Structure formats: C-alpha cells, structure tokens
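Chemist: this is a predicted model, with the sequence first.
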Amino acid sequence: MDSELAAKHSGIGIASFIISASSLIILVALFVFILVATASGGLRKNIELGAGLGLILTWLLTVVGLGLGIAGAMVKNSKKVFAVLGIVFSASTIVISAALIVLGLVARS
C-alpha cells in the first residue's frame, strides 16, 4: 500500500510526453505552413526545403520521444501516464506524417 502512495511520475516519462507533444505541434504547424504557402501561389524550392527539414526534425524528435516513452514505461515503481502519453503522441506523429507524405505524393501525380 505504501509503495502505491509513494509512486511518482518518471522524469523520463515526462520528458517523453513533452518531446512527443512538441513534435506533434511542429508537424501541425508545418502542415498549416504548407497549406498557406500553397494557397498563396504555390511552393517554391526554398519553402519545400524548409518543410522537408522541418519534417526531418519532427521525425528525430518523435524517435527520441518514443524511445524515452518506452524507457519510462519500463521504470518500476513509478506512474506510467506520461510515458504512455508520450508513446501515443509519438505513434500519432508517425502515422500522421506518413499519411501526409502519401497524400502529397498522390496529389503530385
């Protein structure tokens, strides 16, 4: 009973949540940026380059967040809420970015 009361949130899990949420926010911001750029006259090479680099940054953050989430979920005697949320946000970012890439490739054809 005392061990249940003493359980705290894992620092690794909190870091996973923050990094994963940040990568999801960056992905949404990139999507909005690309929509605005497309609506205002099409994409230029420098905008495409910036969007591509932003997507790579998002993926790197997502992988780090996913790794920290898995590590945080394995920590014994700690709450797992933030670690699980980090895993869910990372998985969501991966699925959404893959879907956007496929949508972009189909739209270009």
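Modeler: Perfect, thanks for sending it. Numbering: from 1, shown residues only.
Chemist: buried ones in stretch 91-100, by neighbour count?
Modeler: For stretch 91-100, a neighbour-count test (16 or more other Cβ atoms under 10 Å) marks 93-94, 97 as buried. Bear in mind the C-beta positions are built from the backbone N, C-alpha and C, glycine included.
Chemist: now stretch 22-30
Modeler: 22-24, 26-27, 30.
Chemist: farthest pair within these?
Modeler: Pairwise distances across the buried residues of stretch 22-30 peak at 12.5 Å for Ser22 and Leu30 (criterion: Cβ to Cβ).
Chemist: and of the buried residues of stretch 91-100, the nearest to Gly52?
Modeler: Closest to Gly52 out of those is Ser97 (11.7 Å), distances taken as Cβ to Cβ.
Chemist: for the helix or strand hosting Val28, name the packing helices and strands.
Modeler: Val28 is part of helix 11-39 when elements are defined by DSSP states H and E. Where contact means 3 or more Cβ pairs under 8 Å, 6 or more residues apart in numbering; DSSP states H and E, helix 11-39 is packed against helix 45-73, helix 81-108.
Chemist: mind exporting the C-alpha coordinates of stretch 48-66 to PDB?
Modeler: Extracted as PDB, the C-alpha positions of stretch 48-66 are listed here (Å, rounded to 0.1, in the frame of the first residue of the first chain):
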ATOM      1  CA  GLU A  48       9.900  22.900 -49.900                       C
ATOM      2  CA  LEU A  49      13.400  22.600 -48.500                       C
ATOM      3  CA  GLY A  50      12.300  24.200 -45.200                       C
ATOM      4  CA  ALA A  51       9.300  21.900 -45.000                       C
ATOM      5  CA  GLY A  52      11.500  18.900 -45.600                       C
ATOM      6  CA  LEU A  53      14.000  19.900 -43.000                       C
ATOM      7  CA  GLY A  54      11.100  20.500 -40.600                       C
ATOM      8  CA  LEU A  55       9.800  17.100 -41.200                       C
ATOM      9  CA  ILE A  56      13.200  15.500 -40.600                       C
ATOM     10  CA  LEU A  57      13.400  17.400 -37.300                       C
ATOM     11  CA  THR A  58      10.000  16.200 -36.400                       C
ATOM     12  CA  TRP A  59      10.900  12.600 -37.100                       C
ATOM     13  CA  LEU A  60      14.100  12.900 -35.000                       C
ATOM     14  CA  LEU A  61      12.100  14.400 -32.100                       C
ATOM     15  CA  THR A  62       9.500  11.600 -32.500                       C
ATOM     16  CA  VAL A  63      12.100   8.900 -32.300                       C
ATOM     17  CA  VAL A  64      13.600  10.400 -29.200                       C
ATOM     18  CA  GLY A  65      10.200  10.800 -27.600                       C
ATOM     19  CA  LEU A  66       9.200   7.200 -28.500                       C
END
